[in-house]
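*Asks:* pasting the structure only:
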Ligand code: NHR
Ligand code: GAR
């Protein structure tokens with residue numbers, strides 16, 4: 001079985017979705033940079049090993065990343081899964097795990113990289129928003145895309161309503177992406193290409209606002 005380490009900073013609902021998806025993987029550890037992350041409690045309750053590498057205790061990003069890498073490497077994971085992990089990672093750290101580290105980002109990349117994605121989507125007036133799982137590269141939220149899910153933006157949306165609609169899809173596509181990784185059905189190619197091997201697929205479309213049922 002492939003071994004994974006999950007990095008979190010907060011609530012950890014994506015980590016929990018990963019655990020509950022019963023993937024054929026060994027979740028070696030959940031590591032947080034925030035000692036108070038709720039996800040640590042959830043992981044412990046589910047019998048998963050946890051660790052904290054508190055970023056505030058380190059002089060700079062390089063020192064933090066070195067400590068984080070040391071903790072990760074103790075568990076010898078095949079893949080590193082960022083699930084609501086909130087610290088920007090240095091180039092050396094990213095290079096060490098290139099092709100083996102993925103992130104879920106709450107927007108349809110390349111739209112809205114960075115923070116406060118739901119607020120920015122509402123401000124931009126987009127009618128379709130969503131989430132993206134991508135390989136982590138040095139450039140923030142700009143690595144090769146593995147899978148995306150789209151949701152409609154609705155007329156009376158607030159940041160919270162929209163975030164919840166997106167989060168539900170995160171919980172579907174992230175375990176799927178990790179399953180593909182562990183089954184070696186998705187790989188980061190040399191030129192940043194991503195190929196996915198699948199047996200069959202249904203093609204769907206999301207149109208938002210949904211078109212009228214009848215056109216006069
Ligand atoms: N690191 C690299 N090199 N590349 C990526 O693609 C990364 C990454 C680290 C984290 C997740 C990302 C997201 O999905 C991620 C992708 C944190 C920030 C940020 O600005 C931005 C993007 C992401 C995560 N963090 C602030 C910092 O100073 C702290 C913000 C806070 O604590 O609230 O590191 O959105
Ligand atoms: C998720 O929506 C995730 O996509 C987002 O934070 C939330 C974490 O929720 N990630 C980022 O914004 C990364 N900067 P969770 O802790 O319940 O999985």
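*Replies:* Perfect, thanks for sending it. All values reported here derive from a predicted model rather than from experimental measurement. Ligands and ions are numbered 1, 2, ... in the order given.
*Asks:* going forward, measure contacts and count neighbours with C-alpha atoms only.
*Replies:* Fine.
*Asks:* dead centre of this protein: give me the residue that sits there.
*Replies:* In the chain, the residue lying closest to the centroid (C-alpha atoms, centre = their mean) is residue 104, at 1.9 Å.
*Asks:* and that one, helix, strand or coil?
*Replies:* Secondary structure, DSSP: H, G, I helix; E, B strand; the rest coil: residue 104 is strand.
*Asks:* next one: residue 92
*Replies:* Residue 92 ends up helix, using three-state DSSP.
*Asks:* one step back: okay, the residue nearest to the centre of the chain and residue 36: tell me how far apart.
*Replies:* Distance, residue 104 to residue 36, by C-alpha to C-alpha, to the nearest Å: 21 Å.
*Asks:* ok, and what's touching the worst-scoring helix or strand of the chain on mean pLDDT?
*Replies:* Within the chain, no helix or strand scores below strand 194-196, which has a mean of 93 by mean pLDDT, DSSP states H and E. Identification of contacts with strand 194-196 by C-alpha atoms under 8 Å, 6 or more residues apart in numbering yields 144, 145, 146, 180, 185, 186, 187, 188, 189.
*Asks:* now with 10 Å, please.
*Replies:* With contacts defined as C-alpha atoms under 10 Å, 6 or more residues apart in numbering, strand 194-196 is touched by 134-135, 144-147, 177, 180-181, 184-189.
*Asks:* can you say which of the residues you listed are buried?
*Replies:* 134, 135, 144, 145, 146, 147, 177, 180, 181, 186, 187, 188 (16 or more other C-alpha atoms under 10 Å).
*Asks:* distance of residue 187 from residue 57?
*Replies:* 35 Å.
*Asks:* now swap in residue 26 and tell me
*Replies:* In this view, residue 26 and residue 57 are 30 Å apart by C-alpha to C-alpha.
*Asks:* so what's residue 69 up against?
*Replies:* Per C-alpha under 10 Å, 6+ apart, neighbours of residue 69: 53, 63, 93, 94, 96, 97.
*Asks:* now do the same for residue 214: its pLDDT.
*Replies:* On the pLDDT scale, residue 214 is placed at 84.
*Asks:* interface residues of the chain facing ligand 2?
*Replies:* The interface of the chain toward ligand 2, taken as C-alpha under 6 Å from any ligand atom, is made up of 10-15, 83-86, 104-106, 115, 167.
*Asks:* ok, now with 5 Å
*Replies:* Selection of the chain residues close to ligand 2 by C-alpha under 5 Å from any ligand atom yields 10, 11, 12, 13, 14, 84, 86, 105, 106.
*Asks:* just send those residues back as CSV, with secondary structure too.
*Replies:* Below are the residues of the chain next to ligand 2 laid out as CSV (three-state DSSP):
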residue, secondary structure
10, coil
11, coil
12, coil
13, helix
14, helix
84, coil
86, coil
105, strand
106, coil
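*Asks:* any chance of these in a markdown table, with pLDDT too?
*Replies:* Formatted as a markdown table, the residues of the chain next to ligand 2 follow (pLDDT from 0 to 100):
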| residue | pLDDT |
| --- | --- |
| 10 | 98 |
| 11 | 98 |
| 12 | 98 |
| 13 | 98 |
| 14 | 98 |
| 84 | 98 |
| 86 | 98 |
| 105 | 98 |
| 106 | 98 |
